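Asks: I would like to see how this sequence folds:
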Amino acid sequence: MNKAFLLYLFAVLLGCSSAQASLLFTIEDAYIEESQISDPKQVETFDDWTTGTFNGTITAEFGEYEVLNGVPQIKAANVYGGAGGEGNYLFVSPQQNTQVLLTFNDPVGYFGFWWSAGDAGNKLQVETFKTTYEFTTADVFQGDALTMNHYGNTNFSGGNGGEPYGFLNLYATSDEYKIKSIKFYGSNFESDNHTVAGALQNPTGTVIVTVSEPAHLGALALALLPLVHARRTRMTNTIRA
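Replies: Residues are numbered from 1 along each chain as shown. Below you'll find the predicted structure:
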């Protein structure tokens, strides 16, 4: 086998193992239901939206909410959503494979939101400049920072105590991982106080998930290994012949 090629594979795999963080998820302490970053920031509370189902595209200050599928709704505050126990919130139901895509006017360094009543079927897709990530409730609501006080809606006497509630922050760690869009889908996804900042931010809250850069090169190197083995086998057979 070519020694230089082996050294190349080793270098690629080594680079893969030392991948840097691309995104950070943090969670605020229980009872905090709005972003704690410094201004300037923009917030969509949904309080000015008409309650009921909606379709098409709705323009917000920082981007557009586009219905890709199904019948999302704007609901008045209840035990499942509505920061502060008042106003409205965005509800993405499982009906007709409902999906809502939030595309930012310009890529942002920060996105935060109150993720309430974290259903096991909630799904979040995050598109950055470099790659697209998929997350579930279990992927994000984890670690020691998630306390028993995060379970249940304190605005409604701790109701729905079997599901987590928390203000989640998503930080890009560099300009190349700034966030282009967020897709909300899956089952029974409630959220409120969508907050954005264009610039990179100093994290607040407690880190719960560190998202590594994608290991595309490392995966490619691993995929090449069977080919290298096959090439070596062919060479051995030729010598034996």
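Asks: for this structure, name the helix or strand with the lowest mean pLDDT.
Replies: helix 216-240 (a mean of 44; mean pLDDT, DSSP states H and E).
Asks: please enumerate the helices of the chain.
Replies: Counting by DSSP state H, the segments of the chain that form helices are 3-17, 137-140, 216-240.
Asks: residues contacting the second one, please?
Replies: Meaning helix 137-140. Residues outside helix 137-140 that contact it (Cβ atoms under 8 Å, 6 or more residues apart in numbering): F25, W115, G118, D119, A120, G121, N122, L124, P164, L168, I208, V209. Glycine gets a C-beta too; all of them are placed from N, C-alpha and C.
Asks: and it, how far out from the chain's middle?
Replies: Mean-position distance between helix 137-140 and its chain equals 9 Å (Cα atoms, centre = their mean, to the nearest Å).
Asks: then it to PDB, C-alphas only?
Replies: Coordinates of the C-alpha atoms in helix 137-140 are reproduced here as PDB (Å, rounded to 0.1, in the frame of the first residue of the first chain):
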ATOM      1  CA  THR A 137     -36.500  17.200  22.100                       C
ATOM      2  CA  ALA A 138     -34.300  14.500  23.700                       C
ATOM      3  CA  ASP A 139     -31.300  15.800  21.800                       C
ATOM      4  CA  VAL A 140     -31.600  19.200  23.400                       C
END
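Asks: buried stuff in that helix?
Replies: If you call a residue buried by 16 or more other Cβ atoms under 10 Å, then helix 137-140 has these buried ones: T137, D139, V140.
Asks: and the pLDDT for the residue lying closest to S187 once chain neighbours are set aside?
Replies: Spatial nearest neighbour of S187, chain neighbours left out: G121 (3.2 Å); criterion: Cβ to Cβ, 6 or more residues apart in numbering. For G121, the pLDDT comes out at 94.
Asks: doesn't G186 make contact with G121?
Replies: Yes: at 4.5 Å, G121 counts as touching G186 under the criterion of Cβ atoms under 8 Å.
Asks: shared neighbours, those two?
Replies: With Cβ under 8 Å, 6+ apart as the test, G121 and G186 both reach P94, T136.
Asks: and the two? Which one has more around it.
Replies: Shown here are G121 and G186; by other Cβ atoms under 10 Å, G186 has more neighbours (21 against 13).
Asks: quick check: that one vs G109, distance?
Replies: According to Cβ to Cβ, to the nearest Å, G186 stands 26 Å off from G109.
Asks: and for V92?
Replies: Counting by Cβ to Cβ, the gap from V92 to G109 is 25 Å.
Asks: neighbour-wise, which of the two wins?
Replies: V92 (26 against 20).
Asks: could you pull up the residues touching the more buried one?
Replies: V92 sits next to G70, P72, T98, Q99, V100, F184, Y185, G186, N188, F189, E190 when contact means Cβ under 8 Å, 6+ apart.
Asks: just checking, the fourth one touches S187?
Replies: Pointing back at Q99 there. No: using Cβ under 8 Å, Q99 makes no contact with S187, being 11.6 Å away.
Asks: for the nearest residue to I208 once chain neighbours are set aside, give me its contacts.
Replies: Nearest non-adjacent residue to I208, counting by Cβ to Cβ, 6+ apart: G143, 4.5 Å away. For G143, the contact set (Cβ under 8 Å, 6+ apart) comprises T206, I208, V209.
Asks: K75: neighbour count?
Replies: K75: 19 surrounding residues under other Cβ under 10 Å.
Asks: with Q42 instead?
Replies: 17.
Asks: that one bridge partners, please.
Replies: V196 (DSSP bridges).
Asks: that one: what's it in contact with?
Replies: Taking Cβ under 8 Å, 6+ apart, we find Q42 in contact with E61, F62, T195, V196, A197.
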